[in-house]
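Student: Here is the input, now give the coordinates:
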Amino acid sequence: MNTDTIPKKLSRFWKSDDETISFLRDILVAVAVVLVILTALWGYTGQWFGAPMVAIESGSMMHLDEPFGRVGTIDAGDMVLLVKVNGFNDIIPQKDAEENDASYSYGDYGDVVIYRKYGRTDEDQIIHRAMCWVEYNEDETYTIESYNLFNVKSITIPE
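Tutor: Reported below is the predicted structural model:
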């Protein structure tokens with residue numbers, strides 16, 4: 001194959017007025033744009049070939065003292081990007097974030113997490129702010145270091 005003709009063929013393809021070629025060109029451009037967007041989403045979120053975003057179904061993250069639809073809050077119907085969590089240190093709970101002036105998002109301190117209750121895939125996902133790390137001890141007590149609670153039988157976390 002003569003390589004001198006490849007640029008000429010590409011030029012004719014992109015400049016052609018033929019309806020079939022124009023249709024194929026439009027399809028190629030649309031597919032390329034979608035692939036670029038998906039690659040950017042997957043690259044940012046770390047969710048390769050998974051769902052890089054989720055639609056918010058409830059108003060549980062809305063702030064009562066703020067108007068509906070305010071920038072920085074999560075409202076029902078919003079689309080939220082999901083960033084993959086690789087380990088314990090990837091999530092900053094509210095208490096730790098507030099004390100260290102870090103991770104302020106969606107109207108308050110601390111990371112927002114999306115999870116499935118008990119890992120059940122037959123139920124809707126739940127979105128909440130991570131408040132603290134709770135350790136469940138072998139003696140059926142709980143420890144929350146950020147609230148100075150050690151080996152307690154019940155937990156009440158202040159808002």
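
Student: what is the mean pLDDT for stretch 94-114?
Tutor: For stretch 94-114, mean pLDDT is 83.

Student: Can you show me the strands along the chain?
Tutor: Along the chain, counting by DSSP state E, strands occupy 53-55, 79-81, 104-105, 108-109, 112-115, 126-129, 135-136, 142-144, 149-152.

Student: What strands line up against the first one, and which way round?
Tutor: Strand 53-55 has its sheet partners listed here by DSSP bridges as strand 79-81 (antiparallel).

Student: quick one: average pLDDT of the partner strand?
Tutor: The pLDDT scores in strand 79-81 average 86.

Student: Give the buried residues for it.
Tutor: Residues residue 80 are the ones in strand 79-81 that count as buried (16 or more other CB atoms under 10 Å). Every C-beta, even on glycine, is put in place using the N, C-alpha and C of the backbone.

Student: Any idea how far it is from the middle of the chain?
Tutor: Average the C-alpha atoms of strand 79-81, do the same for its chain, and the two points are 5 Å apart (CA atoms, centre = their mean, to the nearest Å).

Student: For the strands of the chain, give me a markdown table that also has distance to residue 21.
Tutor: A markdown table is the format used below for the strands of the chain (distance: least, CB to CB, whole Å):
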| stretch | distance to residue 21 |
| --- | --- |
| strand 53-55 | 35 |
| strand 79-81 | 36 |
| strand 104-105 | 48 |
| strand 108-109 | 54 |
| strand 112-115 | 45 |
| strand 126-129 | 47 |
| strand 135-136 | 64 |
| strand 142-144 | 65 |
| strand 149-152 | 70 |
